[in-house]
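> Provided below are the primary sequence and the corresponding predicted coordinates.
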Amino acid sequence: MAPLEAFTLDRAALTGPKNSVSLVTGGSAGIGLQTALLLHDISADNRIIILDRQPPHPQQAPKSFINSPRVLYHSCDITSWSSQRAAFAAGAKKFGRIDNVFVNAGIAEHGEQFFGEELDGSGQLKEPDRRTYDVDLYAASDTVKLAIYWLRKNDKDGKGKKGGSIVMTASLAGYLASAGAPMYSAAKHGILGLLRSLKNDTATLSISMSIIAPGITLTDIVSGRDPGETLNAWAIRMRKLGVPINDPGEIATAVAGRCADVEEGLAKGRKEWMGEKMLGLFRGGRNAPLFPNKL
């Protein structure tokens, strides 16, 4: 198989999207906030819908952004279907449509869920804490469903703009095993599975799907810090050890040094690892012989 072709993106050269409405989950901090700031600044016609538990902090976002009439913050618990559903509806009502959805909200691993032997009040093995799945996979899946619902409506508004785009924040842990964070890794593998399972079907609806899969990035979900250690101090310590660390702004523009389309290379090699017969049974998405569901 040929090596992956890496490429670099220049933030200053970005020209789009323009005149569009973008919804960002987890848009009050980290990668989500940097994405929202970039979309707001890239075109004076862009409008941004931020879904998060808290609004952007004034120390992390300029007043011109927080007070912009082109920005709508909507308080949202993404683990609640009704909360997400209402937030999407509020954004669409405010700006008339939704063109792009960034499925970004996420949390880190919580404690040791597989090898710990903590007991509950009855003296039995305590039930695992599944909040990582709840946020990083189940809530993200709900966001994708809502995104497809609202983006399909763009076919019917008579303005000539069909469909839209869905961008999901996965992780390098979605391609590689992350032994120290198995639930997080499994959830991000699930995000990758959603992309692979849905992208061909959404393409027929003029909806593009993609993911970003960054490595370690300076956001509040970073774990492994010493007690009292700030995020920046941790980054300095890790960089001295030679660990590559990304800035959220770099991820927002998919710069992060150099980028590579991993999925294309994997797709080209499917015949070798699946076999011709098995590939034929699965090729075609919903039109494949083994799947009865049709759009």
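Now that the structure is in, tell me what you want to look at. Residues are numbered from 1 along each chain as shown.
> Just the strands from the stretch 1-150 of the chain, written as ranges.
Assigned by DSSP state E, counting those that start in this stretch, the strands in the stretch 1-150 of the chain fall at 6-7, 21-25, 47-52, 71-75, 100-103.
> Let's have the ones you listed in CSV, adding mean neighbour count, mean pLDDT and distance to L119.
From N, CA and C alone the C-beta is placed, and that goes for glycine too. Shown next, in CSV, are the strands of the stretch 1-150 of the chain (neighbours: other Cβ atoms under 10 Å; pLDDT from 0 to 100; distance: least, Cβ to Cβ, whole Å):
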stretch, mean neighbour count, mean pLDDT, distance to L119
strand 6-7, 10, 56, 49
strand 21-25, 28, 96, 36
strand 47-52, 26, 97, 35
strand 71-75, 19, 97, 36
strand 100-103, 27, 95, 36
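> F88: which of those strands is closest?
strand 21-25 (6.9 Å; Cβ to Cβ).
> For the closest one, list the C-alpha coordinates in PDB.
C-alpha atoms of strand 21-25 as PDB (Å, rounded to 0.1, in the frame of the first residue of the first chain):
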ATOM      1  CA  VAL A  21     -25.100  28.700   9.800                       C
ATOM      2  CA  SER A  22     -22.900  26.400  11.900                       C
ATOM      3  CA  LEU A  23     -23.900  24.600  15.100                       C
ATOM      4  CA  VAL A  24     -21.100  23.500  17.500                       C
ATOM      5  CA  THR A  25     -21.600  21.300  20.500                       C
END
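> what angle sits between it and strand 71-75?
Per axes from the mean of the first three to the mean of the last three Cα atoms, to 10 degrees, the angle that strand 21-25 makes with strand 71-75 is 30 degrees.
> same for strand 21-25, what does it pack against?
Applying 3 or more Cβ pairs under 8 Å, 6 or more residues apart in numbering; DSSP states H and E, we find strand 21-25 packed against helix 30-42, strand 47-52, helix 81-95, strand 100-103, helix 140-152.
> Redo the ones you listed as JSON lines? Include distance to L14.
Output for those, formatted as JSON lines (distance: least, Cβ to Cβ, whole Å):
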{"stretch": "helix 30-42", "distance to L14": "6"}
{"stretch": "strand 47-52", "distance to L14": "16"}
{"stretch": "helix 81-95", "distance to L14": "21"}
{"stretch": "strand 100-103", "distance to L14": "14"}
{"stretch": "helix 140-152", "distance to L14": "22"}
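> returning to what we had before: take the strands of the stretch 1-150 of the chain and write them to a markdown table, including distance to G275.
Converted to a markdown table, the strands of the stretch 1-150 of the chain look like this (distance: least, Cβ to Cβ, whole Å):
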| stretch | distance to G275 |
| --- | --- |
| strand 6-7 | 30 |
| strand 21-25 | 38 |
| strand 47-52 | 43 |
| strand 71-75 | 48 |
| strand 100-103 | 33 |
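> Kindly state the beta-bridge partners for the spatially most central residue of the chain.
Nearest to the mean C-alpha position of the chain, by Cα atoms, centre = their mean, lies T169 at 2.3 Å. For T169, the residues forming beta bridges with it (DSSP bridges) are I212.
> Spit out the contact partners of it.
The neighbours of T169, taking Cβ atoms under 8 Å, 6 or more residues apart in numbering as the test, are I31, G32, F102, V103, N104, G106, I191, I211, I212, P214.
> if you set the cut-off to 7 Å instead, what comes out?
By Cβ atoms under 7 Å, 6 or more residues apart in numbering, the contact set of T169 is I31, V103, N104, G106, I212.
> Surely the third one and V24 touch.
Which is N104. Yes: contact criterion Cβ atoms under 7 Å: N104 and V24 qualify, at 5.8 Å.
> who touches both of the two?
G32, T35.
> related to what we said a few turns ago, export the contacts of T169 to JSON lines and tack on distance to F88?
Putting these into JSON lines (distance: Cβ to Cβ, whole Å) gives the following:
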{"residue": "I31", "distance to F88": "20"}
{"residue": "V103", "distance to F88": "12"}
{"residue": "N104", "distance to F88": "15"}
{"residue": "G106", "distance to F88": "18"}
{"residue": "I212", "distance to F88": "21"}
